[in-house]
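Colleague: Got a predicted model here, sequence first, then my questions.
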Amino acid sequence: MTAPFFLGVDIGTQGARVVLIDSKGNQIGSEEEDFALSDESREEQSPAEWWQALLRSLKRLVDKARLVVDVDYIKAIAVTSTSGTVIPIAVNNEPLHNAIMYSDKRSAEEGKLCREAALRHNNTGYTGFNSSSGLSKIVWYLRHFPTQVEKIRRWVHASDFITGKLSGNWGVTDYTNALKSGYDLINLCWPEYLSTELQIKKEWLPNVVASGTAVGTLNKDVALEIGLKNTIQIVAGMTDGCASQIASGAVNLGDWNTTIGTTLVVKGVTKNAITDPEETLYNHLHPEGFWMPGGASNIGADWITRDFKEDLDLLNEQAQLLIPTGKIAYPLRQAGERFPFVAPHARGFQEKGLTREEAFAANMEGVAYVERYAYQMIEKLSGEKVKVIYTAGGASNSSVWLKIRSNVLNLPIYKMKYVTGAFGAAILAASKTHFSNIIEATQALTQIEKEVMPEKILVEKYQTIYYSFLQALKEKGYIKNEVNA
């Protein structure tokens with residue numbers, strides 16, 4: 001293992017995860033601890049429980065790592081967590097209230113208020129506020145807990161809380177977390193309407209810096225408890241989606257990442273921010289000044305868990321013999337679509353009479369067609385070419401699905417060895433403490449596990465079927481045109 005070493009922390013919905021990597025991108029070790037989840041945990045979680053779970057995980061990781069490397073050479077730590085999760089903090093830097101989770105739907109009304117205020121006053125900043133936005137949750141809390149307002153010292157995001165506990169610096173966040181709390185990434189400021197329209201005090205809002213910026217060193221007491229040096233640098237973190245994008249390798253202009261888990265999420269790197277009239281896309285600010293647009297679909301791989309969780313290996317083998325199926329399927333398992341088209345009335349469908357094997361293969365193809373439609377829309381809106389696709393999520397473990405997607409997209413697809421948010425955070429920790437920037441760090445620390453190239457014959461066959469898929473969506477009223485198919 002090659003020193004120095006870097007720690008990445010991911011506080012997810014279901015647990016705390018930590019990884020330790022070396023300067024060549026080798027993962028030395030990882031630890032995680034699940035949270036005790038309940039129906040209420042989708043609305044609120046205890047930051048104190050996050051912290052204790054993280055401390056235990058860090059101590060286990062460091063104790064094990066000490067057997068194989070000199071942990072005194074750990075150089076930096078970065079934290080990633082969920083986007084839109086916020087916490088009111090008191091004067092003593094302790095939470096006044098549990099973390100209000102990104103998945104909490106109680107702030108739907110406040111989301112509309114925030115959106116209306118942003119549209120009236122903020123021509124350059126983010127305006128797509130809804131119940132999952134941090135700003136909506138802040139306003140919701142102010143309206144529902146008025147007696148607590150005077151006790152608020154500041155508002156922090158989930159990753160900021162852990163960064164604060166690690167470093168003692170509670171007054172800083174990063175561009176990716178700040179976006180959905182109302183920060184204007186064009187003018188690099190908190191807009192006035194947050195105070196004048198939404199009664200958010202300016203002193204509650206943190207300074208905003210680029211992800212990877214050093215914000216302090218490891219708190220002495222924490223260092224002693226874990227068994228590390230207190231000279232380790234703590235750097236500004238980022239949202240989990242952006243950290244996963246970094247882990248995937250998609251950090252250069254023209255690079256895009258598709259993560260297919262429960263849903264399909266695309267994130268990429270462009271020279272200019274993308275203006276989307278339907279607001280299905282939003283733009284994060286890249287640590288090096290580029291833009292990181294992204295969008296999330298309601299379609300993904302949840303249909304596998306629901307309908308095909310048995311005999312997956314056999315189904316994948318059979319699909320290899322069936323593709324391209326020539327069948328049309330759109331495996332949406334919930335009501336409505338939000339990206340790459342907005343269609344509240346959308347429902348999943350497939351041709352009648354399909355065998356189980358045909359339906360499985362056709363569903364994989366249907367998701368790939370939606371992915372292609374997304375990238376065609378992105379190219380049209382941005383005027384920039386999508387050059388390569390990096391991939392993550394459970395779907396990337398299927399070789400046949402990777403083959404389908406590469407040929408539908410007519411693009412190379414790369415899957416890295418480590419694609420977790422915690423690994424992305426570790427890369428971020430190294431980006432400005434050991435390397436010059438995030439691009440250099442990602443190139444040095446990611447390792448390609450699989451690469452799939454398009455095949456001319458399959459590309460041509462899928463082109464024709466793709467047109468038929470778009471026509472089916474158009475006939476159902478889900479899309480209005482075929483982009484530039």
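Modeller: Right, received. Where do you want to start?

Colleague: buried sites along stretch 229-237?
Modeller: 232-237 (16 or more other C-beta atoms under 10 Å). Where you see a C-beta, it was placed from the backbone N, CA and C, and this is true even at glycine.

Colleague: any idea how far that stretch is from the chain center?
Modeller: 23 Å (C-alpha atoms, centre = their mean, to the nearest Å).

Colleague: end-to-end on it?
Modeller: Stretch 229-237 has an end-to-end distance of 20 Å (criterion: C-alpha to C-alpha, to the nearest Å).

Colleague: hmm, back to that, can I get the buried residues of stretch 229-237 in CSV with pLDDT, distance to residue 190 and secondary structure?
Modeller: Below are the buried residues of stretch 229-237 laid out as CSV (pLDDT from 0 to 100; distance: C-beta to C-beta, whole Å; DSSP: H, G, I helix; E, B strand; the rest coil):
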residue, pLDDT, distance to residue 190, secondary structure
232, 98, 30, coil
233, 98, 26, strand
234, 98, 23, strand
235, 98, 22, strand
236, 98, 16, coil
237, 96, 19, coil
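
Colleague: Now distance to residue 327 too, for these, in TSV please.
Modeller: Output for the buried residues of stretch 229-237, formatted as TSV (distance: C-beta to C-beta, whole Å):
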residue	distance to residue 327
232	55
233	54
234	52
235	49
236	48
237	44
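
Colleague: top helix in the protein by residue count?
Modeller: The single longest helix within the chain, with elements called by DSSP state H, is helix 356-382.

Colleague: Give the pairing partners of the next helix or strand after that helix; include direction for each.
Modeller: Once helix 356-382 ends, the next helix or strand along the chain (criterion: DSSP states H and E) is strand 388-392. Looking at strand 388-392 with DSSP bridges, its partner strands are strand 255-260 (parallel), strand 413-416 (parallel).

Colleague: Quick check: the residue nearest to the spatial centre of the chain vs residue 290, distance?
Modeller: Most central in the chain under C-alpha atoms, centre = their mean is residue 241, positioned 1.0 Å from the mean C-alpha point. Distance, residue 241 to residue 290, using C-beta to C-beta, to the nearest Å: 16 Å.

Colleague: Mind jotting down where the helices sit in the stretch 301-450 of the chain?
Modeller: 302-307, 312-322, 356-382, 399-409, 421-431, 438-445 (DSSP state H, counting those that start in this stretch).

Colleague: for those helices, which one ends up most surrounded?
Modeller: Comparing the helices of the stretch 301-450 of the chain by mean neighbour count (mean count of other C-beta atoms under 10 Å), helix 421-431 comes out on top with a mean of 31.

Colleague: could you give the angle of that helix to helix 438-445?
Modeller: 120 degrees (axes from the mean of the first three to the mean of the last three C-alpha atoms, to 10 degrees).

Colleague: Which residue comes closest to residue 70 once chain neighbours are left out?
Modeller: Leaving aside its chain neighbours, residue 70 sits nearest to residue 3 (6.9 Å; criterion: C-beta to C-beta, 6 or more residues apart in numbering).

Colleague: wait, which of the helices of the stretch 301-450 of the chain is closest to residue 278?
Modeller: Residue 278 lies closest, by C-beta to C-beta, to one member of the helices of the stretch 301-450 of the chain: helix 356-382, at 9.4 Å.

Colleague: and the closest one, what's its mean pLDDT?
Modeller: Mean per-residue pLDDT for helix 356-382: 96.
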